[in-house]
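Engineer: No sequence on hand, only this structure:
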């Protein structure tokens, strides 16, 4: 049993020495890596203030791991002391074998714990390495962005200078143009005053004044003529009203009148013809409404028919009067030009945007101009 304990003690010592050497080697490497990472983190923290907290957190975690490692190392020394005491106790008494075995088991557990801690340190080292890579990439991106921003700032400054120069040029030209404009305005005002003075004392103005006076006199004469024509128009209206009162049935249709005019006396009376005279003149110079003659005798039926057609034409709406245009043109023996003029006049009155037909001017006009009184 003692031999076995010595072998186990020897093996345990070897394991402890090996573990101690590994721990020392790992500690040295980690110390070097920690120093290197600390320098890199310090450099990155100077360039990236936003990443300093993360680096500080990582460093703090690493410090905690280091403290844990120191605690484990202390615990290892304690275990070693306990193992030495246990071995001494084992040599003195076999009763302590169980305690030694328990201590050995604890040592194994401690060794496994150290292995796990080492794995955790390697994992943390990978995290630190990844963080370092990310910070390096962020540093490159930051440098590139800063370079682009500097170029943009320089470009904008150049553009602003150019715009300011253009603005100054425009303001200078505008000032010159304003001065030139003021000078031209003054010259134009002088020319206008001179032109007005010349016009007021020119022969053309005097001649125009005489023409205006002559036209005003002519206008007065035309107004008087219009008043006379207005009186005639009033007489014509009275005649039409009187004819309507003399008619036995003013509401008879044109069809009934046509039947009466084409009745049984047609063969005895002959075919009537309409005198080719203006309607207004005929209505103004007759008191009986008999406008149709046929040689040596008068035909009242056709006169009645003509009267009702004209009254129907004058009192109907434009859209209804258009349908009576052909009948009026036939009864009054109008030429095609006169019929077209009558139809165009009705179309113009019904249209919003149509052009007024040419109705002539002066004494030959086919319409009475509106009164200017």
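Structural biologist: Right, received. Where do you want to start? Owing to the predicted nature of the structure, the values given are computational and were not obtained by experimental measurement.
Engineer: Tell me which residue is most central in the chain.
Structural biologist: Centrality entry for the chain: nearest residue to the mean C-alpha point is residue 163, 29.2 Å, by Cα atoms, centre = their mean.
Engineer: how far is the host helix or strand of that one from where the chain is centred?
Structural biologist: According to DSSP states H and E, residue 163 maps onto helix 97-200. The chain centre lies 32 Å from the centre of helix 97-200; the measure is Cα atoms, centre = their mean, to the nearest Å.
Engineer: now the angle between helix 97-200 and the very next helix or strand once past it, please.
Structural biologist: Following helix 97-200 in sequence order, the next helix or strand is helix 203-246 (DSSP H and E). If you take axes from the mean of the first three to the mean of the last three Cα atoms, to 10 degrees, helix 203-246 sits at 100 degrees to helix 97-200.
Engineer: Next, the contact list for the residue in the chain sticking out farthest from the centre, please.
Structural biologist: Within the chain, residue 92 marks the point farthest from the mean C-alpha position, 102.8 Å out by Cα atoms, centre = their mean. Not one residue lies near residue 92 by Cβ atoms under 8 Å, 6 or more residues apart in numbering. No exception for glycine: its C-beta is placed from N, CA and C like everyone else's.
Engineer: What separation do you get for it and residue 4?
Structural biologist: Going from residue 92 to residue 4 by Cβ to Cβ, to the nearest Å gives 16 Å.
Engineer: and if you look at residue 16?
Structural biologist: Distance of residue 16 to residue 4, given as Cβ to Cβ: 18 Å.
Engineer: Neighbour count for those two, which is higher?
Structural biologist: residue 16 (17 against 9; other Cβ atoms under 10 Å).
Engineer: Identify the residue nearest the more buried one in space, chain neighbours excluded?
Structural biologist: The shortest distance from residue 16 to any non-neighbouring residue, by Cβ to Cβ, 6 or more residues apart in numbering, is to residue 80 (6.0 Å).
Engineer: give me the number of residues near the one you found?
Structural biologist: Neighbour count of residue 80, defined by other Cβ under 10 Å: 16.
Engineer: Next one: it relative to residue 19, how far apart?
Structural biologist: 10 Å.
Engineer: How many neighbouring residues does residue 309 have?
Structural biologist: Neighbourhood size, residue 309 [other Cβ under 10 Å]: 19.
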